[in-house]
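In: quick one, what's the 3D model for this:
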Amino acid sequence: MPIVAQSTETADWVSRFADDVIEESERRAPGKPVVVASGLSPSGPIHLGNLREVMTPHLVADEIRRRGYRVRHLISWDDYDRYRKVPAGIAGVDESWAEHIGKPLTSVPAPKGSAHPNWAEHFKAAMVASLAELGVEFDGISQTEQYTSGAYREQILHAMKHRGDIDAILAQYRTKPKAAKKQQKPLDEAELEAEEGSGAASEDDGSSGSAGYFPYKPFCGNCEKDLTTVTAYDDDSTELTYACTVCGFSETVRLSEFNRGKLVWKVDWPMRWAYEGVIFEPSGVDHSSPGSSFQVGGQIVGIFGGKQPIGPMYAFVGISGMAKMSSSRGGVPTPADALKIMEPQLLRWLYARRRPNQSFKIAFDQEIQRLYDEWDKLAAKVADGSALPGDVAAYTRAVGTAAGELPKTRRPLPYRTLASVADITAGHQDQALRILSELDPADPLGSLDEARPRYDRAEAWINTHVPADQRTIVREEPDTDLLKSLDEPSQQSIRLLLDGLHDHWSLDGLTHLVYGVPKVQAGFSADATPKELPPEIKTAQRSFFALLYHLLVGRDTGPRLPTLLLAVGQERVRALLGE
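Out: Below you'll find the predicted structure:
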């Protein structure tokens, strides 16, 4: 089975896959566009785990385009799949939606309040918008349109004619007992979710009928559900008889004219590989295990005269503090959710920098600030030529595509600083501009637009992902009781800070000042480096910072002190510190 090797090297994985895909495409279809593919089921919110199904072939396709080749990145919208279950936590959806289970996703009403005509289009639309923002170029294929238009008629008739051959392949796996797994440790929730798989991989393969094996499932002409059983089929006339196990409806149709049904999943997928001439398509862990869709498809695709695509198995994507994502569960972050709090470049980078077989997490918590710091350091290294080649490649793929660079923030100020400013100013844009323009007096920010869209992302993160009890509320009045209770060293530290405010009123200046006060108090220079200082200076700094936080915001911690001081303003800082 032709699986692209998973290299352990640290070089650029995208280029290596592109080499293999170009070579394979020239062998299979010389002179034709290279075809890569993804498949997405709009059965619910299309989440950040599903995005890997798209980003892996997108990055490879984009590299191939950069080399001057013609490429088609197909996204098959599996909108003719059955509605399997009611997703938890989707607004406007309750258990009454269970009556639609078994219908095609395009026959299920959209969630209440949606502007879209059906369930599939509702969830598809959000993903299409996110992919546009991410710079993903693709050709979308609706499986509802393909099946109901008769585009696959020849393939369906061919599958029915060769149903015995298909059944023989599937039988090799049906009879194999599952090997007992060696349990090294108890499974946590994330691992249990990963074991469960995506749903499509575990659908039946058409073997349940007592009249024999049929790889085709009609949707009922009465209730529209696929809980049907084929009871007879004649190869010559293509007459097919089925009965619905839900409503009891039965009819006989000519399959050569009938367009209301589809091939079962394990036959449908390899049929499409042959039909579209797919060269590269990744598959998730649940599709790649022994006896599952990708492996079985590799044998069935030959019945349709095609070859299995090359492609890696990709690992799951998680969220900080959450289990493996499943679109059937509520509250699972989508690409649109991520793009509200981070720029497209950062999200692209998270997928580009890890090989497909490496799992990773996307941060919606405080970790996003560290990720942005890492991203900004990489950008600086790329700019000065000190970044490693693999890191340069991931960065280049993140900031743009073969079509050009993605829109970017003109003045990319530190995300954690922008978040602190958005937190403290609570939506007052004039206040935010005042603070941000004071960060670098030598080159002040002229307009908040210069810091956008990064500023808007940081503000959205503060407003939607930081708990209310962690938001920063500056004191209205000085804490006179605390000020009166201060001992002489604490009073001296406050005085040293106040004396230096005027001359250090910038982000760098205040950073130097707040770290320098405890050094000066201990008899050292404010410029002394950590190597020149005893360990107790760090303890003194922490105590000094805690005191300032209590006097300014009534807590032990808060935003970075230099940013907080700028945000509060010099006059108010002096008042709150008892001057």
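In: just the strands from this protein, written as ranges.
Out: In the chain, the strands defined using DSSP state E lie at 34-40, 71-77, 139-142, 216-218, 228-233, 239-244, 250-254, 261-263, 283-284, 313-314, 317-319, 360-362, 400-401, 404-405.
In: can you redo those as CSV with distance to D62?
Out: Every residue, glycine included, has its C-beta placed from N, CA and C. Listed next are the strands of the chain as CSV, based on distance: least, Cβ to Cβ, whole Å:
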stretch, distance to D62
strand 34-40, 10
strand 71-77, 8
strand 139-142, 14
strand 216-218, 36
strand 228-233, 42
strand 239-244, 44
strand 250-254, 44
strand 261-263, 31
strand 283-284, 20
strand 313-314, 17
strand 317-319, 19
strand 360-362, 20
strand 400-401, 5
strand 404-405, 11
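In: between those, which one is closest to K531.
Out: Smallest distance to K531 across these (Cβ to Cβ): 34.6 Å, for strand 360-362.
In: for that closest one, which strands pair with it and how are they oriented?
Out: According to DSSP bridges, strand 360-362 forms sheet pairs with strand 317-319 (parallel).
In: what's the mean pLDDT across the strand it pairs with?
Out: For strand 317-319, mean pLDDT rounds to 89.
In: show the pLDDT at P186.
Out: 42.
In: residue ranges with poor pLDDT in the stretch 351-500 of the chain?
Out: For the stretch 351-500 of the chain, not a single residue meets the criterion pLDDT under 70.
In: again with the stretch 101-250 of the chain
Out: Ranges of the stretch 101-250 of the chain meeting pLDDT under 70: 175-204, 207-210.
In: all helices for it, in order.
Out: 119-133, 143-148, 153-161, 163-174, 189-196 (DSSP state H, counting those that start in this stretch).
In: out of those, the one nearest A274 is which?
Out: So among the helices of the stretch 101-250 of the chain, helix 153-161 is nearest, using Cβ to Cβ, at 7.8 Å.
In: and that closest one, what's buried?
Out: 153, 155-156, 158-160 (16 or more other Cβ atoms under 10 Å).
In: over to stretch 300-313?
Out: Using 16+ other Cβ under 10 Å as the test for burial, stretch 300-313 gives 300-301, 303-304, 306-313.
In: in TSV, list the residues you listed along with pLDDT.
Out: As requested, the buried residues of stretch 300-313 are exported to TSV (pLDDT from 0 to 100):
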residue	pLDDT
I300	97
V301	98
I303	98
F304	98
G306	97
K307	97
Q308	96
P309	97
I310	96
G311	91
P312	90
M313	90
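In: and V382, how many neighbours?
Out: Residues near V382, counting by other Cβ atoms under 10 Å, number 17.
In: swap in F214?
Out: F214 - counted by other Cβ under 10 Å - has 25 other residues nearby.
In: show me how far stretch 113-124 is from its chain's centre.
Out: Its chain's C-alpha centre and that of stretch 113-124 lie 21 Å apart, by Cα atoms, centre = their mean, to the nearest Å.
In: what's the end-to-end length of that stretch?
Out: Start-to-end span of stretch 113-124 (Cα to Cα, to the nearest Å) is 16 Å.
In: list the contacts of it.
Out: For stretch 113-124, contacts defined as Cβ atoms under 8 Å, 6 or more residues apart in numbering pick out 40, 42-46, 77, 79, 83, 91-92, 100, 104-111, 125, 144.
In: any idea how far W13 lies from P282?
Out: Using Cβ to Cβ, to the nearest Å, W13 is found at 12 Å from P282.
In: and the gap between the closest residue to V517 other than its chain neighbours and A522?
Out: Computed as Cβ to Cβ, 6 or more residues apart in numbering, the closest residue to V517 that is not its neighbour in sequence is L496, at 4.7 Å. As judged by Cβ to Cβ, L496 and A522 stand 12 Å apart.
In: what is the neighbour count of G164?
Out: G164, neighbours per other Cβ under 10 Å, totals 9.
In: the one 3 residues further on too?
Out: When neighbours are defined as other Cβ under 10 Å, D167 has 17 of them.
In: pretty sure it contacts Y213?
Out: Yes: the pair D167 and Y213 passes the contact test of Cβ atoms under 8 Å, sitting 3.9 Å apart.
In: and the helices in the stretch 401-550 of the chain?
Out: With DSSP H, counting those that start in this stretch, the ranges of helices along the stretch 401-550 of the chain come out as 415-425, 429-437, 454-465, 480-485, 488-500, 507-521, 536-553.
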